[in-house]
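A.B. asks: here is a sequence with its predicted model. Questions after.
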Amino acid sequence: ETGVTQTPRHLVMGMTNKKSLKCEQHLGHNAMYWYKQSAKKPLELMFVYSLEERVENNSVPSRFSPECPNSSHLFLHLHTLQPEDSALYLCASSHLQGQGANTEAFFGQGTRLTVV
Amino acid sequence: GESVGLHLPTLSVQEGDNSIINCAYSNSASDYFIWYKQESGKGPQFIIDIRSNMDKRQGQRVTVLLNKTVKHLSLQIAATQPGDSAVYFCAFTLPWANNLFFGTGTRLTVIP
């Protein structure tokens, strides 16, 4: 266990559905991330929250909507997804300390999403 | 964007042999480097890290080497075991960035 918990582990949804992915960390970290992992592609950063404020949004389509209500919880709200959005969605957390002092990110087990 | 590339997408080694996984990065300002291991059905797990003021760091059966001159990072696994079979990713950070940049990964297969 890495201290980062994601639910659900697997999700199948239709293109007209609305669902949410949940991530929880109890490591005392101040930053949380959503990554998308597709086959044969590098991990793609989607969103970064630092101190509950979104600090990065890598041109992600609006059908993905993140929410960070507090430093321990992160959500990814999904609506009207496309089949190409099927992937493993990974949540991570880390402690950002500034220049030269960043620490490793701890990842959850991921949610395997299939859009049908 | 920033890129981290891996020289080989797959690597097969005999059990007991040493493994070397390589990684090239593009930005000389990179200040922190990490190796992750990802087993099937799991998220990436931290293996070892190194900061840019070092060129070598050792852990248990693993060694990371950093060559800043050629922007190259390697992971050496001693006495490779079947449990080492996984995909290995290198990642790095930049001083002004809030995230990790990842490579595509190398799949290591250990042959018993």
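C.D. replies: Cool, the structure landed.
A.B. asks: for chain B, what are the nearby residues on chain A?
C.D. replies: A:2, A:4, A:6, A:31, A:33, A:40-43, A:45, A:48, A:50, A:55-56, A:90, A:92, A:96, A:99-100, A:102, A:104-110 (C-beta under 8 Å from any C-beta of the partner chain). For every residue, glycine as well, the C-beta is placed using N, CA and C.
A.B. asks: and if we set it to 6 Å?
C.D. replies: Taking C-beta under 6 Å from any C-beta of the partner chain, the part of chain A that reaches chain B is made up of A:42-43, A:45, A:48, A:50, A:55-56, A:90, A:99-100, A:102, A:104-105, A:107-110.
A.B. asks: buried ones among those residues?
C.D. replies: By neighbour count, with 16 or more other C-beta atoms under 10 Å in any protein chain shown, the residues of chain A next to chain B hold A:42-43, A:45, A:48, A:50, A:56, A:90, A:102, A:104-105, A:107-110 as buried.
A.B. asks: among these, which are in strands?
C.D. replies: A:45, A:48, A:50, A:56, A:90, A:107 (DSSP state E).
A.B. asks: ok, those vs chain B, which is closest?
C.D. replies: residue A:107 (3.6 Å; C-beta to the nearest C-beta).
A.B. asks: contacting residues for the closest residue to residue A:83 other than its chain neighbours?
C.D. replies: Spatial nearest neighbour of residue A:83, chain neighbours left out: residue A:115 (5.1 Å); criterion: C-beta to C-beta, 6 or more residues apart in numbering or on different chains. Residues near residue A:115 by C-beta atoms under 6 Å, 6 or more residues apart in numbering or on different chains: A:13, A:81, A:83, A:85, A:86.
A.B. asks: confidence-wise, which helix or strand of chain A is lowest on average?
C.D. replies: The weakest-scoring helix or strand in chain A, judged by mean pLDDT, DSSP states H and E, is strand A:53-57 (a mean of 75).
A.B. asks: other SSEs contacting that strand?
C.D. replies: Strand A:53-57 sits against strand A:44-50, with contacts defined as 3 or more C-beta pairs under 6 Å, 6 or more residues apart in numbering or on different chains; DSSP states H and E.
A.B. asks: circling back: CSV please, covering the buried ones among the residues of chain A next to chain B and showing distance to residue B:37.
C.D. replies: Shown next, in CSV, are those (distance: C-beta to C-beta, whole Å):
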residue, distance to residue B:37
A:42, 16
A:43, 13
A:45, 19
A:48, 23
A:50, 26
A:56, 25
A:90, 14
A:102, 20
A:104, 12
A:105, 14
A:107, 11
A:108, 15
A:109, 14
A:110, 14
